[in-house]
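[1] what follows is a protein structure lacking sequence information:
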């Protein structure tokens, strides 16, 4: 009887525990796209990864970019192996000069773009309002 009570208590306690896995702490200079997504969500942005096949390429930024959809605008996240590689690719690059093509090779309009860089990450934000631009800038600046 005592054994059944103990099992029952453990069962009920286990059901109350939160099963959400804890995200690993990013190592400085080794951010991934999920770290950028989480940083955007921490700024109260309803951010989610784009559909499969929505990624982009940029010869200028030298890396493939992953799409993150925002309520107002689209963020393209470029991950570099380290700080120096990101600096080499983004130094003296203006957002309006960045060339973007989709996976089919078709150009993507990025006329109203803003480029943010920090750590090993570059984020090109396209067609967004001033409030979202400020929140994305804060998110990128908080990356380690």
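    The structure has been received and is ready for your questions. Worth saying up front: this structure is predicted, and the values here are computed from it rather than measured.
[2] pLDDT score assigned to the closest residue to residue 93 other than its chain neighbours?
    Nearest non-adjacent residue to residue 93, counting by C-beta to C-beta, 6 or more residues apart in numbering: residue 60, 6.1 Å away. Every residue, glycine included, has its C-beta placed from N, CA and C. Looking at residue 60, its pLDDT is 93.
[3] can you report how many residues neighbour residue 60?
    When counting by other C-beta atoms under 10 Å, one arrives at 13 neighbours for residue 60.
[4] and it, what does it touch?
    Residue 60 makes contacts with 89, 93, 97, 98, 99, as judged by C-beta atoms under 8 Å, 6 or more residues apart in numbering.
[5] which one of these is nearest residue 114?
    residue 98 (10.4 Å; C-beta to C-beta).
[6] look up how far residue 85 lies from the closest one.
    17 Å (C-beta to C-beta, to the nearest Å).
[7] of those two, who's got more company?
    Taking other C-beta under 10 Å, residue 98 and residue 85 do not tie; residue 98 has more neighbours (23 against 15).
[8] residue contacts, that one?
    58, 60, 61, 110, 113, 115, 124.
[9] now these as JSON lines including secondary structure?
    Below are the contacts of residue 98 laid out as JSON lines (DSSP: H, G, I helix; E, B strand; the rest coil):
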{"residue": "58", "secondary structure": "strand"}
{"residue": "60", "secondary structure": "coil"}
{"residue": "61", "secondary structure": "coil"}
{"residue": "110", "secondary structure": "coil"}
{"residue": "113", "secondary structure": "strand"}
{"residue": "115", "secondary structure": "strand"}
{"residue": "124", "secondary structure": "strand"}
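[10] which one of those residues sits closest to residue 12?
    Distance to residue 12 across the contacts of residue 98 (C-beta to C-beta) is lowest for residue 124, with 49.5 Å.
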